[in-house]
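Enquirer: Sequence plus predicted model, see below.
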Amino acid sequence: MSELLKVPTMAEFMAQGKQPEVLFWVGCAGSFDDRAKKITKAFVKLLNKANIEFAVLGTEESCTGDPAKRAGNEFLFQMQAVTNIEVLNAYEVKKIVTACPHCFNTIKNEYPELGGNYEVMHHTQFLKTLLDDGRLTIEGGKFKGKRITFHDPCYLGRANNVYEAPRDLIQKLEAELVEMKNCRRNGLCCGAGGAQMFKDAEKGDKEVNVERTEQALEVKPEIIAAGCPFCNTMMTDGVKAKEKEDDVAVMDIAELIANAQDL
Amino acid sequence: MQYLPNIVFAIVLIAGIGFFVKNVKKLARNIKLGKEVDVSDNKSQRWKNMAMIALGQSKMVRRPIAGFLHVVVYIGFIIINIEVLEIIIDGIFGTHRVGLKILPTSAYGFLIGAFEVLAVLVFVSVILFWIRRNIIRLQRFWKSEMTSWPKNDGNNILYFEMVLMTLFLVMNATDVHFQDLNSGNVISQFIEPWFSGLSNSTLHFIGRGAWWVHIIGILVFLNYLYYSKHLHILLAFPNTYYGKLQPKGQLNNLEAVTKEVKMMMDPNVDPFAAPPAGTENDVPAKFGASDVQDLSWVNLLNAYTCTECGRCTSECPANQTGKKLSPRKIMMDTRDRLEEVGKNIDTNKGEFKDDGKQLLDDYITREELWACTSCNACVEACPVSIDPLSIILDMRRYLVMEQSAAPTELNNMMTNIENNGAPWPYNQMDRLNWKND
């Protein structure tokens, strides 16, 4: 399969004197985390399928600085931001799509004050526009009638009011979308945000991801859909902690759509 | 001698309002101890937020039961207070029900009748609030920060309102002249029989007594506000006006850091050059916040506005899973420390003398700060646009940039970002390897 993936870089486009329609910002998780890499590939397959001219920065990409900022290290955040903005502006990037809500939020909201102004979309929003424009079609395929619940990533939902695009996509799969008791603006965090991903949790009665997984399992889904690589990891761990990994899958929306098409 | 009551009334009124004004000035002084922030933008959006959130209670009703009861108390309290106008005029000029001299009996009756109905609705709502707090014991009113004063304060307010509403109805029920009107005594007519058999002079005495206690009660309540979470009835308005307008995920940019970073990245800057004269002020004395004076004045206004309702804490994922963090406690601690700093300034003739304490560690522990996932649930839940997350972030900034006191794993993460451009120890040159995996 992988030899079929077309993943051009900005440098290659530049060499040909061309500009891609959109820059795909892969993010650190999407580049290095084994689970998240599958999400990256699924999204690339969809971009290839829809014949989107996109490019990645590849080795020129660096961490957006999100976890540094949220941990309180404004210096490191701004160093990262200014470096990334220099690269993006040098390539005259206008439009960015990313599968990571943390990258999405940071580039969209926190880069403009440092000189980085781009149209930034989450991959669920981007896929939704592709469908609306007829550039991509999806059918239910193997997910038709399956019970799917969607876990709202804090940095997509509450932080940026994107609640409907991922849900619209799930419904396009003709799946049965079931909502947890905390959803949309009342969604419960997976426990990874604010740089928590990179440290042990403070002492408590329970881990946040276990609490959230319990909420998800309450609605008896066959699949827990996520729209964030960190949520994906946390929910996968939660499902394992509850020993439900044989019954419940945790999948990114891009994976759902790519799998439905047998890509 | 016949003017004695009028004079006593005027003195009580002036003293009550005067003391309140004195405390409001102190309140404004304390809030201004915070750092300046520019909130002069987007005036129309700000007015809209105030109208929707404070005046229109749009976020209160997201929890329908508490929201509905709150709206009843809110509307009731505002409307019934029109009656206070009449009380003040009567008190100063020695008139009795001056409204009757101005308005036709039917119109006056309609007004007082409406007040009486609202008084009963407020009374019932307040009883239900009391039951939720003390009998049903809703979890959020029994968290660890809700001991002693915060807990009594909540109940005191409810008792105050019960007494004030009762006094208003008793005042009307024992006013023989008003009962004779047969207009507007929609509720008090049913209370009137409780006092049957009493002589007219006794009734008059009870009626006047209720009148006096009612107005004095209102003045006491007014002055109670400053010491209470009930201050929100005033501050909810400016607080929603100055509330955050940016997307919740957008954390503020530190200008001072931007200047330094730009300078570091600029190849034309002479690294050994002394800063030009007059620019020292651009770099703050410290990064982030360890005490209330380091926070913005909007943060401090937030702290005074907090009603301690605990909606933030009940939505907080860290709190829900038994961690020490409670966004409500962050706000209460900020307010308590600010009050302490204010008192310190008062006793030291307008100057703050170091008391060896600060907000960090003495009030808010590091464990609380590091438990936050920055998920914004608390910000979303607050009915009056309070932003506990920005205080948490500013205190983390102090810990990291001033003290290098982040948890070890976070230091590792930050070192990785610095060295490899990723929070994990992978080489930046391997970023595209997934393509061929």
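Expert: Good, I have the coordinates. Numbering: from 1, shown residues only, chains lettered A, B, ... in the order given.
Enquirer: Stretch A:9-21 and chain B in contact?
Expert: Yes: using CB under 8 Å from any CB of the partner chain, stretch A:9-21 reaches chain B at A:Thr9. The C-beta positions use only the backbone N, C-alpha and C, and glycine is treated the same way.
Enquirer: who touches that stretch?
Expert: Stretch A:9-21 has contacts (CB atoms under 8 Å, 6 or more residues apart in numbering or on different chains) with A:8, A:23, A:52-58, A:60, A:91-95, B:432.
Enquirer: Tell me which two in those residues are the farthest apart.
Expert: A:Lys94 and B:Leu432 (22.0 Å; CB to CB).
Enquirer: Mind listing what's buried along stretch B:134-146?
Expert: Within stretch B:134-146, the residues scored as buried using 16 or more other CB atoms under 10 Å in any protein chain shown are B:Arg140, B:Phe141, B:Lys143, B:Glu145, B:Met146.
Enquirer: if we can go back for a sec, more neighbours, A:Lys94 and B:Leu432?
Expert: Higher neighbour count among A:Lys94 and B:Leu432: B:Leu432, with 17 against 14, using other CB atoms under 10 Å in any protein chain shown.
Enquirer: From chain A, how far out is B:Ile53?
Expert: 15 Å (CB to the nearest CB, to the nearest Å).
Enquirer: so what's that residue closest to, chain neighbours aside?
Expert: Of all residues not flanking B:Ile53 in the chain, B:Thr240 sits nearest, at 4.3 Å (CB to CB, 6 or more residues apart in numbering or on different chains).
Enquirer: Equivalent analysis for B:Leu138, please.
Expert: In space, B:Leu138 is closest to B:Arg132, 5.2 Å off (CB to CB, 6+ apart).
Enquirer: what's the answer for B:Met331, then?
Expert: B:Cys306 (4.0 Å).
Enquirer: Quick check, pLDDT for that neighbour.
Expert: Model confidence at B:Cys306, given as pLDDT, is 97.
Enquirer: and if you look at B:Tyr241?
Expert: Reported pLDDT for B:Tyr241: 98.
Enquirer: again with B:Asn281
Expert: Taking B:Asn281 on its own, its pLDDT is 55.
Enquirer: and if you look at B:Glu260?
Expert: 87.
Enquirer: Can you measure across stretch A:130-144, start residue to end residue?
Expert: Chord length of stretch A:130-144, first to last residue, is 21 Å (CA to CA, to the nearest Å).
Enquirer: chain center to that stretch, what's the gap?
Expert: 18 Å (CA atoms, centre = their mean, to the nearest Å).
Enquirer: Please apply the same query to stretch A:193-208.
Expert: 21 Å.
Enquirer: now check it, is it near chain B?
Expert: Yes: for stretch A:193-208, a contact with chain B is found by CB under 8 Å from any CB, at A:193-208.
Enquirer: what's that stretch in contact with?
Expert: With contact meaning CB under 8 Å, 6+ apart, stretch A:193-208 is reached by A:67-68, A:70-71, A:102, A:154-155, A:188-191, A:230, A:233-234, A:238, A:241, B:317-318, B:320-325, B:367, B:370-375, B:407, B:409-410, B:412-413, B:423.
Enquirer: in chain A, what residue is nearest chain B?
Expert: At 2.7 Å from chain B, A:Ala159 is the closest residue in chain A, using CB to the nearest CB.
Enquirer: In contact with that residue, which residues?
Expert: Contacts of A:Ala159 by CB under 8 Å, 6+ apart are A:Pro101, A:Asn105, B:Pro247, B:Lys248, B:Gly249, B:Gln250, B:Asn376.
Enquirer: Out of these, give me the one that has the most neighbours.
Expert: These, ranked by neighbours (other CB under 10 Å): first place A:Pro101, 31 neighbours.
Enquirer: correct me, but that residue touches A:Arg158?
Expert: No: under the criterion of CB atoms under 8 Å, A:Pro101 makes no contact with A:Arg158, lying 10.5 Å away.
Enquirer: Just give me the neighbour total for B:Thr347.
Expert: For B:Thr347, the neighbour count with other CB under 10 Å is 10.
Enquirer: Return the set of buried residues in stretch B:92-109.
Expert: Going by neighbour count (16+ other CB under 10 Å), the buried part of stretch B:92-109 is B:Arg97, B:Val98, B:Gly99, B:Leu100, B:Tyr108, B:Gly109.
Enquirer: restrict those to those near chain A?
Expert: Applying CB under 8 Å from any CB to the buried residues of stretch B:92-109, none is adjacent to chain A.
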